[in-house]
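# Give me the fold of what follows.
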Amino acid sequence: MKKQINPTTKAHLLRGAFYLLLLLAVSAIPFALAQSRSRGTTKRSVGKPLSQTIQVLNPASGVAHAAPPSTRAVGASAAESPAGIPVQGHAGLPATSNVAAPASAIGLRINPPMPQAPNVVLYDQINNPAPTPGGVTSQDFEPVNDAFDSFAADDFVVPAGQTWNITEVDVSGEYSVGGGPAASFHVFFYQDSATLPGTLVATRLANPYSGGANALITLTSQVTLTPGTYWVAVQSRQDFTPAGQWFWDNRAIISNSGAAWQNPGGGFGVGCLTYGRKTTCLPTQNGPDQLFRLVGTLGGASPTPTATPTPTATPGGCQFHVLIVYADTEGLPTQLQSEIQAEPNVIAVDLFDANVGTPTLGQLQQYQIVVPFSNSTFLDPDTLGNNLADYVDGGGIVVQYGFAFYGPGQPYGVNGRWVTGNYNPYSYSTNLQGNAFSLGTFNAGHPLMAGVTTLNSNFANIVTLAAGATEVAADNLGDSLVAYRPVSGGHTTVGVTAYVGAASTQSGHWGRVIVNAGNWLANCQGGTPRPAARLHGKMNHPCWPPGPLHQEQWPTTSSTCSPASTAVATKLETTTSTAACGLRERPSQSGTPRVKRRLSATTSMCRVGTIASNLVAQSILCRSITALLTLGAMA
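Predicted structure coming up:
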């Protein structure tokens, strides 16, 4: 007969094995998180926040030519740049960047005139200029200097469902001291190929222009582009003798992919005989992108005065420039950027890395919509909050995404006057959602949810509505997802609790919610923004049953219901605490119990800053610890 193990001894053995597993997990997870962080930091934005005042050029004047010629490129030594790139100073050869006295500043017009109907602005990134003098050479020289012929190019996206007939390309630029004017400008369009210019799709040579170095270039014939990613290269046709050089001005932040550059003749001796990333070919460049704007019409290849406008665009309505202000060392929010850009009437979507800088009020005011979110710490969350509050006071639209509701008083949240002045749509907390979720109940009749049917992610803040805020949508786990809040001055802010950055697994209409906020709050569709009816802080859904908050119920369908489909599952607010992260028990809509992890940073094991560098890393750590503690409790 086998000897039975004493139950007490067995329990001690199981508990000892569990604590050994827990110790191993806590020891090993930081190494895994460190590997994740090291991979994420390689994807940081090359865009730098603009720190100096933007100067506005007098439209009636050209570029100042007060300084004598210099023998060095901007930011380089007299002989060569830090990267060993030859610069001007050898018998007056062309330079890769402009030359001027250090104390001189070249005026930059950042607001070219609006086009006349029927033309509209199709795409615009003439904003956030890098310091001048600067720029990058992009010029067709006379034959004796052909080896120095070069091309700069930048990319843009034609959204799905649209056709662009481009008739004008506007650029901000500058002449070398005593230089100019250009004889004309060449313009080239390419298809995208792995984030660089690929197949040439259109060439327009010797185009006339107006406006001096800040050239408004009229194409000799329109260029029609269907949906996709493209590159435009602009090249001045200008003899070095006697007209010097033209430089295409740089942009301090990046949209889509960074600008490209090539010097097919190799005269500058830097390589890049075919297109390469500009900042790799020319490391001394002071901005990753170029300043340009595309003008034309929306529609078919040969529009007529009686042509029917495409249903996906309303040229007479609002047009949006959107700025994503992010703090996330896991990578760039390119998926969210593309989702916004795909929406009608979005001209451009730019990125600002608020982990390394803070946008000024002036920078924010160049955009109609600003979208702040975090996963890492903001460099200055108080100043960011102050500037966002000032921006809303001036009529700007802010859609605050997760994890920017993390707090209070934490550097992951938007703080300052944004919170003290009651602009935040949600009250802050340190509870995080780490399970996959989708769109649950929502008010389909509210403008914020127009055309929104799918919202999926796997990370979010778990927060409650701020005073006076109204919920418009919840996720399928029962937590609030989208809300808005009337604020001072008759303005409104919008909040989305989901984190949809680089570390998330997300899909759906996240960009549409943002553009819907713009259409609604800018009153693009006419009428007056009207709050939706509320019931206990929730939207007044036709199938939402009455009852006190602790017995709230949800309908089985997302936005509509029938008498036959009004079965509901009661949400049980029973909470089970553990030594680390809490577990909240809730039934699923099918009636099968499920465990939903509420990831809290209230204990030593789950506190941010101990062994987790960002909130996604923290949530993964908490989830692992919770699973081990649950296993131990079962033992």
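# low-scoring stretches of the stretch 101-250 of the chain, by residue?
Across the stretch 101-250 of the chain, the ranges flagged by pLDDT under 70 are 101-111.
# Tell me which stretches of it form helices.
In the stretch 101-250 of the chain, the segments counted as helices under DSSP state H, counting those that start in this stretch are 240-243.
# ranges for the strands of it?
Assigned by DSSP state E, counting those that start in this stretch, the stretch 101-250 of the chain shows strands spanning 120-124, 136-137, 139-140, 151-158, 164-171, 173-175, 184-193, 196-207, 209-210, 216-225, 228-237, 246-248, 250-251.
# for these, which one sits closest to Gly287?
Gly287 lies closest to strand 250-251 among the strands of the stretch 101-250 of the chain, at 3.0 Å (CB to CB). Placement of C-beta: from N, CA and C, glycine included.
# so what does that closest one touch, helix or strand wise?
Secondary-structure packing of strand 250-251 (3 or more CB pairs under 8 Å, 6 or more residues apart in numbering; DSSP states H and E): strand 289-290.
# Contacts for the strand it packs on, please.
47, 125, 136, 152-154, 171, 248-251, 253-255, 258-259 (CB atoms under 8 Å, 6 or more residues apart in numbering).
# need the next SSE after that strand, C-terminal direction.
Under the assignment DSSP states H and E, the closest C-terminal helix or strand after strand 289-290 is strand 292-298.
# Export the strands of the stretch 101-250 of the chain as JSON lines, with columns for distance to His321.
Converted to JSON lines, the strands of the stretch 101-250 of the chain look like this (distance: least, CB to CB, whole Å):
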{"stretch": "strand 120-124", "distance to His321": "6"}
{"stretch": "strand 136-137", "distance to His321": "23"}
{"stretch": "strand 139-140", "distance to His321": "29"}
{"stretch": "strand 151-158", "distance to His321": "13"}
{"stretch": "strand 164-171", "distance to His321": "15"}
{"stretch": "strand 173-175", "distance to His321": "21"}
{"stretch": "strand 184-193", "distance to His321": "21"}
{"stretch": "strand 196-207", "distance to His321": "24"}
{"stretch": "strand 209-210", "distance to His321": "24"}
{"stretch": "strand 216-225", "distance to His321": "19"}
{"stretch": "strand 228-237", "distance to His321": "18"}
{"stretch": "strand 246-248", "distance to His321": "20"}
{"stretch": "strand 250-251", "distance to His321": "13"}
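# need those strands in JSON lines with mean neighbour count and distance to Thr430, can you?
Formatted as JSON lines, the strands of the stretch 101-250 of the chain follow (neighbours: other CB atoms under 10 Å; distance: least, CB to CB, whole Å):
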{"stretch": "strand 120-124", "mean neighbour count": "22", "distance to Thr430": "39"}
{"stretch": "strand 136-137", "mean neighbour count": "27", "distance to Thr430": "46"}
{"stretch": "strand 139-140", "mean neighbour count": "25", "distance to Thr430": "55"}
{"stretch": "strand 151-158", "mean neighbour count": "24", "distance to Thr430": "37"}
{"stretch": "strand 164-171", "mean neighbour count": "23", "distance to Thr430": "46"}
{"stretch": "strand 173-175", "mean neighbour count": "27", "distance to Thr430": "49"}
{"stretch": "strand 184-193", "mean neighbour count": "20", "distance to Thr430": "42"}
{"stretch": "strand 196-207", "mean neighbour count": "15", "distance to Thr430": "43"}
{"stretch": "strand 209-210", "mean neighbour count": "16", "distance to Thr430": "56"}
{"stretch": "strand 216-225", "mean neighbour count": "18", "distance to Thr430": "47"}
{"stretch": "strand 228-237", "mean neighbour count": "23", "distance to Thr430": "39"}
{"stretch": "strand 246-248", "mean neighbour count": "29", "distance to Thr430": "47"}
{"stretch": "strand 250-251", "mean neighbour count": "26", "distance to Thr430": "37"}
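# Minimum distance to Val472: which of these has it?
Short answer: strand 151-158, nearest of those by CB to CB, at 28.3 Å.
# Show me what the closest one is packed up against.
strand 184-193, strand 228-237, strand 260-262, strand 289-290.
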